[in-house]
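Visitor: got a sequence here, can you model it:
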Amino acid sequence: MSKIRIAIAGVGNCCASLIQGLEYYRQNTKARQEEHLGLMNYDLGGYIPEDIEVVAAFDMDKRKVGYRFDEALNAKPNCVMVLWNHLPKSKVTVQMGPILDGFSEHMKEYPADRTFLPSDRKPVNVEKVLKDSGAEILLNYLPVGSELATQHYAEACLKTGISFINCMPVFIVSDPKWAKQFEDRRIPVIGDDIKAQIGATITHRTLAKLFMDRGVKIDRTYQLNTGGNTDFLNMLNRDRLKSKKISKTQAVQSQLDVPLEEDNIHIGPSDYVPWQNDQKVCYLRIEGRGFAGFPVTVELRLSVEDSPNSAGCGIDAIRCCKLARDRKIGGPLISISAFTMKHPPKQIHDTEARELVKKFIQGTCPR
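Guide: Next up, the predicted model:
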């Protein structure tokens, strides 16, 4: 099988975890022997994680722009758990992307090793870089709230025929107008807002579905999240959270036969705790009523390394997107979007979505 040539917008923690993970599976035979530790699919339609190759990267931080890609992955404010120490020297230099709304002014008030330091370089022509690199897929890891910047990269993909995997809560693939443009140009796309393997949203969805399947009516629920990475620092600006809250809330509401009223469901980032670094802590509560109205309450605390938690879903999304390109399939990929994203074009229960993804890989499900 050929290599899968990807470009990445946003060389932050999620990007660093993904690239370290790819090298982990490339070099670590023991992990492969342990039933492919941590992967939902090692071989996906003939593609393995090691087939993914980064050919272009964009960022806006002066500690990353102009540097070799592997060096930029270790630059501040990145603070990921080390999955693999020895990354090979990359031939890719990180390019200056458009800032637009990708940077929140409040972050200037924090120590340099915790926040973005915008570069004063002139942004490159994203379309030209994508064309020259030979990229087939652009992976979007921009900060939450970067709506204009995300749209800029999506537009570049439309003009160059490159697929777009939108890992952030800006509605592109789930927006009918954007989706139609990719459909008309026969470009496969996946989105929006990537799920974790075992994260707050997937856990909340699963418990909500359990309540419904067992006949327990949910009266109210909340999900509170804290973390210490730049994502949580960025989200202290509540003006940037509108689409994030919609994405996470709808992901849970979609599991209920009758959605909860707005006052009875609260889901979203809660606070920034610097010493947590890339560790995310979720506090989750569901209150309901079972047989004859007896009360049922579940409280849960989930602690995970935030950035590696989405990388397994990212690897599968990339490879499914490549399969779609091989098969000349265009437009939103419904099954893998439903399985790996919080705000897909169509919400599907996770167990059903997983089966649809299997059928897509086998070629018996068109999308």
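
Visitor: tally of neighbours for Asn74?
Guide: Asn74 has 15 neighbours, counted by other Cβ atoms under 10 Å. Where C-beta positions appear, they are placed from N, C-alpha and C, glycine not excepted.

Visitor: let me see the contact set for it.
Guide: The contact partners of Asn74, by Cβ atoms under 8 Å, 6 or more residues apart in numbering, come to Ala16.

Visitor: if I look at it, how far off is Tyr67?
Guide: 10 Å (Cβ to Cβ, to the nearest Å).

Visitor: tell me where the stretch 51-200 of the chain has strands.
Guide: Using DSSP state E, counting those that start in this stretch, the strands found in the stretch 51-200 of the chain span residues 52-59, 95-96, 137-140, 163-166, 188-191.

Visitor: could I get these as TSV with mean neighbour count and mean pLDDT?
Guide: Shown next, in TSV, are the strands of the stretch 51-200 of the chain (neighbours: other Cβ atoms under 10 Å; pLDDT from 0 to 100):
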stretch	mean neighbour count	mean pLDDT
strand 52-59	25	98
strand 95-96	22	98
strand 137-140	26	98
strand 163-166	28	98
strand 188-191	30	97
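
Visitor: need the ones you listed in TSV with distance to Lys328, can you?
Guide: TSV is the format used below for the strands of the stretch 51-200 of the chain (distance: least, Cβ to Cβ, whole Å):
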stretch	distance to Lys328
strand 52-59	21
strand 95-96	30
strand 137-140	15
strand 163-166	12
strand 188-191	9
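
Visitor: excluding chain neighbours, what is closest to Lys322?
Guide: Spatial nearest neighbour of Lys322, chain neighbours left out: Ile4 (4.6 Å); criterion: Cβ to Cβ, 6 or more residues apart in numbering.

Visitor: give me the number of residues near Lys3?
Guide: Using other Cβ under 10 Å, Lys3 is surrounded by 14 other residues.

Visitor: separation between it and Lys322?
Guide: Per Cβ to Cβ, Lys3 is found 9 Å from Lys322.

Visitor: how about Arg240?
Guide: 31 Å.

Visitor: with neighbour numbers in mind, choose between these two.
Guide: Under the neighbour definition other Cβ under 10 Å, Arg240 and Lys322 were set side by side, and Lys322 has more, 26 against 20.

Visitor: helices and strands around the top helix by length along the chain, which ones?
Guide: Secondary structure of the chain per DSSP state H: the longest helix is helix 308-326. When contacts are defined as 3 or more Cβ pairs under 8 Å, 6 or more residues apart in numbering; DSSP states H and E, helix 308-326 sits against strand 4-9, helix 13-27, strand 52-59, strand 137-140, strand 163-166, strand 188-191, helix 334-340, helix 350-362.

Visitor: tell me the strands beside the first one, with direction?
Guide: Each strand that pairs with strand 4-9, with its direction, by DSSP bridges: strand 52-59 (parallel), strand 137-140 (parallel).

Visitor: who does the residue nearest to Lys322 bridge with?
Guide: Ile52.
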